[in-house]
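In: turn this into a model:
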Amino acid sequence: MSHESIYLTERISAQVIEHCLLLPLSAKERTQLRGKRSTLDGIDVVLNLPRGGGRLMPGEVLKSSNSQVFVSIEAAQEDVIRISSENRLKLLKAAYHLGNRHVEIELHDKELYLLNDVVMKQMLEKQGFAIKSLKRPFAPEIGAYE
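Out: So this is what the prediction gives:
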């Protein structure tokens, strides 16, 4: 059975809308406002959003060009590594070294998250960090120019 893709063309204020389709997107996919995706139900949608609106945020709702379909953005589960330390200066140094390599990181008080990367993992282990691999949503820090 063939069906046409649904074109999502507009962002609307996050609000409670019944019967929203769920669209899990990785952190990278949330920065791409155009392209074909699939909802959790396997329904093909095409993002065709105006440029300049910034990245998509979890909980944000998109609507179709004919306003018949609403889709809620979710943060997809991703393979990440967690670096944790009670020593904030040590954690700050890790963030510095990762930023120096243009690695996206998610910042928290006593831990950092980044996408699982063997080279970065080895670098951080050499610096004495305990690293834990996890599968969870990833929300990297938004760049200064976004």
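
In: going forward, measure contacts and count neighbours with C-alpha atoms only.
Out: Noted.

In: quick one: contacts of the helix or strand encompassing residue 90?
Out: Using DSSP states H and E, residue 90 falls within helix 88-100. Applying CA atoms under 8 Å, 6 or more residues apart in numbering, the contact partners of helix 88-100 are 83-85, 104-105, 110-112, 120, 124.

In: go ahead and flag the most central residue of this protein.
Out: residue 27 (2.0 Å; CA atoms, centre = their mean).

In: against residue 58, how distant is it?
Out: 10 Å (CA to CA, to the nearest Å).

In: the chain: strands as residue ranges?
Out: Remark: strands assigned in the chain by DSSP state E are 6-12, 21-25, 34-38, 44-48, 61-64, 70-75, 77-84, 106-107, 111-115, 131-137.

In: and these as TSV, adding distance to residue 143, mean neighbour count and mean pLDDT?
Out: Formatted as TSV, those follow (distance: least, CA to CA, whole Å; neighbours: other CA atoms under 10 Å; pLDDT from 0 to 100):
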stretch	distance to residue 143	mean neighbour count	mean pLDDT
strand 6-12	21	18	91
strand 21-25	19	21	95
strand 34-38	20	15	94
strand 44-48	22	18	93
strand 61-64	23	23	92
strand 70-75	18	21	94
strand 77-84	19	19	96
strand 106-107	11	16	96
strand 111-115	15	21	97
strand 131-137	18	15	96
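
In: thank you, goodbye.
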